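Peer 1: Below: sequence and its predicted model.
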Amino acid sequence: MFHLFYFLFIGSVWVYSIYPPNYNQAVAGDVYCNKTLYLFAFWTTTLGYILLGLALLFGCCVCLCACIFGLAKD
């Protein structure tokens, strides 16, 4: 499970550090990205953060409801 967070972090550095990339390969000597591959990596990484945020929000809501309705045992 830890390796998923590691790859999410490293992927973020790789993907977000060059945003927006150069998609034009006609420029000689300049590094370019394949547009389809870059956008796939960008949205996969972004979706990972969205799902992580929703999971944390859901977990907090469950804990809050458990405390309010007395479902948590002491």
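Peer 2: In hand now; what should we look at?
Peer 1: For the helix or strand hosting Leu64, could you pull out the residues that count as buried?
Peer 2: Assigned by DSSP states H and E, Leu64 belongs to helix 35-68. Residues 38, 42, 45, 48 are the ones in helix 35-68 that count as buried (16 or more other CB atoms under 10 Å). Quick note: C-beta positions are derived from backbone N, CA and C, even for glycine.
Peer 1: Now do the same for Gln25: its pLDDT.
Peer 2: If you check Gln25, the pLDDT there is 80.
Peer 1: Relative to Cys33, how far out is it?
Peer 2: Spatial separation of Gln25 from Cys33 under the definition CB to CB, to the nearest Å is 9 Å.
Peer 1: In terms of packing, which of the two has more residues around it?
Peer 2: Cys33 (18 against 11; other CB atoms under 10 Å).
Peer 1: Excluding chain neighbours, give the residue nearest to the more buried one in space.
Peer 2: Spatial nearest neighbour of Cys33, chain neighbours left out: Pro21 (4.0 Å); criterion: CB to CB, 6 or more residues apart in numbering.
Peer 1: Over to Asp30?
Peer 2: On the basis of CB to CB, 6+ apart, the spatially nearest residue to Asp30 that is not a chain neighbour turns out to be Asn22, at 5.9 Å.
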